[in-house]
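Student: Here is a sequence with its predicted model. Questions after.
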Amino acid sequence: MTQIIKRLEAHVANQIAAGEVVQRPASIVKELMENAVDAGATEISLYIKEGGKLSIELIDNGHGMSETDASLCFERHATSKLSTAQDLFNINTKGFRGEALASIAAIAQVVMKTKREADQLGTEVHISGGRIEMKKESVCNTGTSFTVNNLFYNIPARRNFLKSKQIEQRHITDEFHRLALVHPEISFSFYADDSPLFILKPSSFAQRIVQIFGKKIQDKLVPVSEETPNIRIEGFILKPELAKKTKGTQFFFVNHRFIKSSSLHFGVVNAFEGLIPKGLHPGYFIQISLPAEQIDINIHPTKTEIKFEDEHTLFAILRSAIKHALGQYQIAPVLDFDRDPSLDPSYNGVKLAGAVPQISVDASFNPFEATPAPSKKSAPFQTYKSQSSSWEALYSTLDHKQSDHEAFRVEETKPLSFEDPWEQPALFSEVSGLDTQTNCFQLHKKYILTPTKSGVLVIHQSRAHQRILYEEFLHHFTHEGAGSQQLLFPKEITFTRPEIALLEELSPALGSLGFQMSISTPDAVSVTGIPVAISENQLATLLSDFLDSFQNNKTEADFSQTDILAKSLAKSMGVKTGSVLSLEEQQHMINTLFACKEPTLSPFGKSVFHTISQTDLDLKFL
Ligand code: ADP
Ligand code: MG
């Protein structure tokens, strides 16, 4: 045999190429919406069923296609947006590669109807697995409609990789937001399984942001505007108080295209330095316009990553634009992020003179004396509620080696809740060779150091506490069921619209965890019952953390809502780096940690402790 190389048939080649362009239903929505915008549509409607897995329908009132173009558009590398290689350096349309429709048609069943304004009749094309099955004249409106059914019907392996309806729908919603935000002049509507999710009328950029994210952020938008001869930056940042633990409300648009850029993100984060705590992410909606020849969009099939000719300058201009905006709107640094507002003095005009702190030392208190242990069953949860008495006890027995300054700071420390530590000394010494009542030492308000038989154990305090709380909550939710406590007065909490939609979706799960709530307005929920484990003033932060974590986990197929709730609770209630812990708190922490099922890792998979062996130390002193 002299020839073993064969040219692939077009539909096979398209199927392979589709792997790059179409990962999930959301990719199709993105491509179809972009085509509609490129066709000059002023109204775009999106209908999906089953998270887009069953069907996606996109209708636009753009310029439509001729009968010939109606079949050509499904061919690979067929585009009206580019004709010479030179055009690649001056792209003003969303699409230009001419592969989207070919790819979509290769892996789904597509019906397209299209008509130009000047034509009497339009064209209808049915295409399946890349082959045109039917083409006929059709009576239809000016514009184009696509119906994409049964995604991956011919590639079961890829169909199996699709996630649940909810997850796919959230990906679609993300894409919808990205395009609707950057084209506020276009009307958009989005229906999922026949119910309307978004109906957006033409508006300004700021109004569009509020239409999508809800009134909650209306007065939290800080305008950004900067112009140099070549670059224009405009948009909004969210006030630092809306900074989130997870990335979410972060949008960069370059020449009207949503892009992801870690370096530009860093530019914004850098400008926010000192205004938001480490680990939180600022929110922003930034539009950057620059000459098309200064960017290269053609480095990624989905066109969400681009290359800038002069990234350094852009970074600097962006950073200064944000700093300027923050300065102009007098957003001053908040210095102490770990401050507990409930401990703030009440400045109601009465007692403005500095009060001398009073410390009552309970000389008779002996931490090593057996105290009646709370019953194991109720321990972790009741302890949150009886906080004051427990921390007062700890406070009065401060380690005398601590500096005065730290002694006062202990008030700021979140009280820890542990089961009686003295119940498990045997277990503890067995596990790690530690003597529970020996010294521990807090280093840099971050680590707890304690000697072991063979060296030194360095424990990360915040991760350790997260692990302890996580296991406690998980145990409680799975074994004992989550009880609910009724609130005296329903509590209204505002959320963004996408958050409300998510809360609605999760409400059965939240109900089983002890939350009782109903949607009271399009921007708020009214909470009437909460899990017994949490207190009312933690509620808003907790729910918002929970939603954040949930959204962050959306790509994982096997997350459980209980698990996410336990993680969120552990994260928001755990002691943080920067908290001073008393000797007893440190000992409690060590003991309880080593009674955990998985003490080595935090609930987020990070190391909780390290051992420095004596041999390691000896080697350093050779
Ligand atoms: P690209 O957008 O990269 O050109 P596509 O495969 O997405 O490639 O589309 C191929 C061509 O089909 C486009 O260049 C355009 O001419 C035409 N087309 C696609 N969608 C529409 C639409 N909604 N309205 C009018 N023309 C369209
Ligand atoms: Mg396109």
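Tutor: That came through, no problem. Ligands and ions are numbered 1, 2, ... in the order given.
Student: now the closest residue in space to F441 that isn't next to it in sequence, what's its secondary structure?
Tutor: The spatially closest residue to F441, leaving aside those adjacent along the chain, is L449, at 4.7 Å (C-beta to C-beta, 6 or more residues apart in numbering). Bear in mind the C-beta positions are built from the backbone N, C-alpha and C, glycine included. For L449, the secondary-structure state derived from DSSP: H, G, I helix; E, B strand; the rest coil is strand.
Student: Distance check, L449 against V254.
Tutor: Using C-beta to C-beta, to the nearest Å, L449 is found at 48 Å from V254.
Student: Looking at these two, which one has more neighbours?
Tutor: It is V254, of L449 and V254, that has more neighbours when counted by other C-beta atoms under 10 Å, with 22 against 15.
Student: now that one, which residues is it bridged with?
Tutor: R257, I288 (DSSP bridges).
Student: Please name the residues that touch it.
Tutor: 288-290, 295, 306 (C-beta atoms under 8 Å, 6 or more residues apart in numbering).
Student: what about it, distance to ligand 1?
Tutor: For V254, the distance to ligand 1 equals 18 Å [C-beta to the nearest ligand atom, to the nearest Å].
Student: G235: helix or strand, and which one exactly?
Tutor: strand 232-238 (DSSP states H and E).
Student: Quick one: list the elements packing against that strand.
Tutor: Judged by 3 or more C-beta pairs under 8 Å, 6 or more residues apart in numbering; DSSP states H and E, strand 232-238 is in contact with helix 205-213, strand 221-227, strand 284-289, helix 311-328.
Student: from the ones you listed, which stretch is densest packed?
Tutor: strand 284-289 (a mean of 22; mean count of other C-beta atoms under 10 Å).
Student: ok, and for the longest strand seen in the chain, which residues are buried?
Tutor: In the chain, taking DSSP state E as the definition, the longest strand is strand 484-494. Buried residues in strand 484-494, counting neighbours by 16 or more other C-beta atoms under 10 Å, are found at 484, 491, 493-494.
Student: Out of the residues you listed, the closest to ligand 2 would be?
Tutor: T494 (37.7 Å; C-beta to the ion).
Student: The residue in the chain positioned nearest to ligand 1: what's it in contact with?
Tutor: Nearest residue of the chain to ligand 1: G95, at 2.2 Å (C-beta to the nearest ligand atom). Contacts for G95 were tallied using C-beta under 8 Å, 6+ apart; they are 31, 34-35, 38, 79, 81.
Student: R319 now?
Tutor: R319 neighbours (C-beta under 8 Å, 6+ apart): 267-268, 270-271.
Student: any idea how far it is from F176?
Tutor: 30 Å.
Student: Can you list the low-confidence ranges for the stretch 51-200 of the chain?
Tutor: By pLDDT under 70, the low-scoring segments of the stretch 51-200 of the chain are 88.
Student: about what we covered before: out of the contacts of G95, which end up buried?
Tutor: Among the contacts of G95, those classed as buried by neighbour count (16+ other C-beta under 10 Å) are 31, 34-35, 38, 79.
Student: which residues does the residue nearest to V525 when sequence neighbours are not counted bridge with?
Tutor: Closest residue in space to V525, ignoring its immediate chain neighbours: M517 at 4.8 Å, by C-beta to C-beta, 6+ apart. Counting by DSSP bridges, M517 forms beta bridges with V527.
Student: What about M517, how many residues nearby?
Tutor: Neighbourhood size, M517 [other C-beta under 10 Å]: 21.
Student: about what we covered before: from the buried residues of strand 484-494, which are also near ligand 2?
Tutor: Among the buried residues of strand 484-494, no residue lies close to ligand 2 (C-beta under 5 Å from the ion).
Student: Turn these into a markdown table, including pLDDT.
Tutor: A markdown table is the format used below for the buried residues of strand 484-494 (pLDDT from 0 to 100):
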| residue | pLDDT |
| --- | --- |
| S484 | 80 |
| K491 | 90 |
| I493 | 91 |
| T494 | 89 |
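Student: so which of those residues comes closest to E9?
Tutor: T494 (55.8 Å; C-beta to C-beta).
Student: Check the gap between the closest one and I519 for me.
Tutor: For T494, the distance to I519 equals 11 Å [C-beta to C-beta].
Student: okay, now the domains of this protein?
Tutor: 10-200, 206-328, 458-610 (automatic domain parsing).
Student: Throw those domains into CSV and include distance to Q442, thanks.
Tutor: Compiled in CSV, these are given as follows (distance: least, C-beta to C-beta, whole Å):
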stretch, distance to Q442
domain 10-200, 41
domain 206-328, 19
domain 458-610, 6
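Student: What residues does the chain have near ligand 1?
Tutor: In this structure, the chain approaches ligand 1 at residues 31, 35-36, 39, 60, 62-65, 73, 78-81, 95-102, 144, judged by C-beta under 6 Å from any ligand atom.
Student: And what about H177, helix, strand or coil?
Tutor: Strictly by three-state DSSP, H177 counts as helix.
Student: which residues of the stretch 51-200 of the chain fall in helices?
Tutor: 67-72, 100-107, 156-159, 165-182 (DSSP state H, counting those that start in this stretch).
Student: highest average neighbour count across these?
Tutor: helix 100-107 (a mean of 26).
Student: can you tell me if that helix touches ligand 2.
Tutor: Yes: contact of helix 100-107 with ligand 2 (C-beta under 5 Å from the ion) involves A100.
Student: dump the residue contacts of Y153.
Tutor: 107-109, 159.
Student: same check, this time on G529
Tutor: G529 is in contact with 484-487, 514-517, counting by C-beta under 8 Å, 6+ apart.
Student: right, and the pair among those with maximum separation?
Tutor: Q485 and M517 (13.3 Å).
Student: burial of I612, as a residue count?
Tutor: Using other C-beta under 10 Å, I612 has 15 neighbouring residues.
Student: Also S204?
Tutor: By other C-beta under 10 Å, the residues close to S204 number 10.
Student: What does the closest residue to it other than its chain neighbours show for phi and psi?
Tutor: When the adjacent residues along the chain are set aside, S204 lies closest to P184, with 6.0 Å between them (C-beta to C-beta, 6+ apart). Taking degrees, to the nearest 10, you get phi -70, psi -10 for the backbone angles of P184.
Student: can you tell me the residue of the chain closest to ligand 2?
Tutor: Counting by C-beta to the ion, the chain gets nearest ligand 2 through G95, at 2.7 Å.
Student: the strands in the stretch 401-550 of the chain, which residues?
Tutor: 441-443, 447-452, 455-460, 484-494, 516-521, 524-531 (DSSP state E, counting those that start in this stretch).
Student: Dump the fourth one to PDB, keeping only the CA atoms.
Tutor: So the one you mean is strand 484-494. Extracted in PDB, the C-alpha atoms of strand 484-494 (Å, rounded to 0.1, in the frame of the first residue of the first chain):
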ATOM      1  CA  SER A 484     -34.600  25.400  62.200                       C
ATOM      2  CA  GLN A 485     -35.200  28.300  64.600                       C
ATOM      3  CA  GLN A 486     -37.900  30.700  63.800                       C
ATOM      4  CA  LEU A 487     -37.000  34.400  63.700                       C
ATOM      5  CA  LEU A 488     -39.100  36.700  65.700                       C
ATOM      6  CA  PHE A 489     -39.300  39.100  62.800                       C
ATOM      7  CA  PRO A 490     -38.700  38.000  59.200                       C
ATOM      8  CA  LYS A 491     -35.400  39.300  58.000                       C
ATOM      9  CA  GLU A 492     -35.200  41.000  54.500                       C
ATOM     10  CA  ILE A 493     -32.000  40.500  52.700                       C
ATOM     11  CA  THR A 494     -31.200  42.000  49.400                       C
END
